[in-house]
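>>> Compute the structure for the input listed below.
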Amino acid sequence: MKRTCVLLASWATTTAAVASGAVTCTTTAAQLVTNPSFEDGTTGWTIQTGSSYDTFVYSLAPDGRSVLALNGDLNNVLSQPISNMVVGETYTVSWYWQLLAVATGQCELSVTIGSQTVNTAISTSTSNQAAWLPGTGAYTATASSALLELSLACTSGSFSSYSEVNFDDITVTGPNTETCSTAAVTPISTPTLTPTPSSSVASSSALAILTKSSSAAVNIVSLSVATGSSASILPSSAISSACIQYAIQVVQNPSFESGLTDWTFNVEPATIEAVEGNAEDGIYVL
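Numbers count the residues shown, from 1 in each chain. Predicted structure coming up:
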């Protein structure tokens, strides 16, 4: 029995165009206040009157480790110039403040940028004692820079002289900017085999079809070859082998299972015998 071996080699790969993937967007906003949580003392800030203020490490600070404490003169103004704003854009102003009252009284806080009032709030010795109160408001820029002011007005007398007001995490953020990115899909490679026959193939034209299993092995679904033609392979996500050799059997009726069909003899006809269990292939021998 004559067998013809065909070496399937020369992997050629073509890469498909990269497809669009999922779009991910994030929203960010610039923070314009210098030293918003007083981690660097009073750097960037101005206290209008008096000298009874300090920054200290406070375990209950809303942000970071430090806070600003005003004491001894609570009718005061805390300020900082804000720059790099875009005219017409809206900014969010936020802060925390805490009243540690001695005696009975109240403090009113007014937050402004330029001539615009962002918000006002009141804290009393009875209703908000020692509570950190968050505040927020919106500001629409009319110039690229303006002065941020937190103005404090408290009950005069012993209340103002002995009480304390703490500030922390004072920020001006905006405008919101959305940044989107598209995740690229991994390109799909389409392997193609170019057959190189080791000897002439005498058979009719047919098609070689290969597929790749999940274990990365190549399984032959059906396989035959036409002389001089290129073997065809179905696209798969990847086929790891660089060179694969297959033996293709081209003899018709090789095990005489169809009698003497396709065979001719130069002498008187031979006979076929069934030798089930002893034949090399099938149940018949010549």
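
>>> For the stretch 101-250 of the chain, which segments count as helices?
158-162 (DSSP state H, counting those that start in this stretch).

>>> Could you find the closest non-adjacent residue to L100?
E164 (4.3 Å; C-beta to C-beta, 6 or more residues apart in numbering). Heads up, the C-betas are built off the backbone N, CA and C, glycines and all.

>>> ok, now which ones touch that neighbour?
E164 makes contact with 69-71, 74, 99-100, 102 under the criterion C-beta atoms under 8 Å, 6 or more residues apart in numbering.

>>> Tell me the most packed of those, by neighbour count.
L99 (26 neighbours; other C-beta atoms under 10 Å).

>>> Same list, the contacts of E164, but as CSV with pLDDT please.
Shown next, in CSV, are those (pLDDT from 0 to 100):
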residue, pLDDT
A69, 96
L70, 94
N71, 87
L74, 89
L99, 96
L100, 95
V102, 92
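
>>> Now intersect those with the strands, please.
69-71, 99-100 (DSSP state E).

>>> What is the nearest of these to S123?
L99 (4.2 Å; C-beta to C-beta).

>>> list the contacts for that closest one?
With C-beta under 8 Å, 6+ apart, L99 has these contacts: 107, 123-125, 128-131, 163-165.

>>> repeat that with 7 Å
By C-beta atoms under 7 Å, 6 or more residues apart in numbering, the contact set of L99 is 107, 123, 128-129, 163, 165.

>>> before we move on, what about E273?
Taking C-beta under 7 Å, 6+ apart, one finds 284-285 in contact with E273.

>>> From V285, how far off is it?
In this view, E273 and V285 are 6 Å apart by C-beta to C-beta, to the nearest Å.

>>> for L109, same thing?
107 Å.

>>> okay, these two: which has more neighbours?
Neighbours were counted for L109 and for V285 using other C-beta under 10 Å; L109 has more, 22 against 15.

>>> For the residue nearest to the more buried one when sequence neighbours are not counted, grab the count of nearby residues.
Excluding the flanking residues, the one nearest L109 by C-beta to C-beta, 6+ apart is A121, at 5.0 Å. Using other C-beta under 10 Å, A121 has 16 other residues around it.

>>> Local confidence estimate at A121?
On pLDDT, A121 comes in at 97.

>>> try C25
So C25 comes in at 92 (pLDDT).

>>> Sheet-wise, list the partners of the biggest strand by length in the chain with their directions.
Criterion DSSP E: the longest strand present in the chain is strand 164-182. Using DSSP bridges, the strands paired with strand 164-182 are strand 23-31 (antiparallel), strand 66-71 (antiparallel), strand 90-100 (antiparallel).

>>> Name the residues that touch the second one?
Think strand 66-71. 37-39, 42, 52-58, 61, 76, 152, 164-168.
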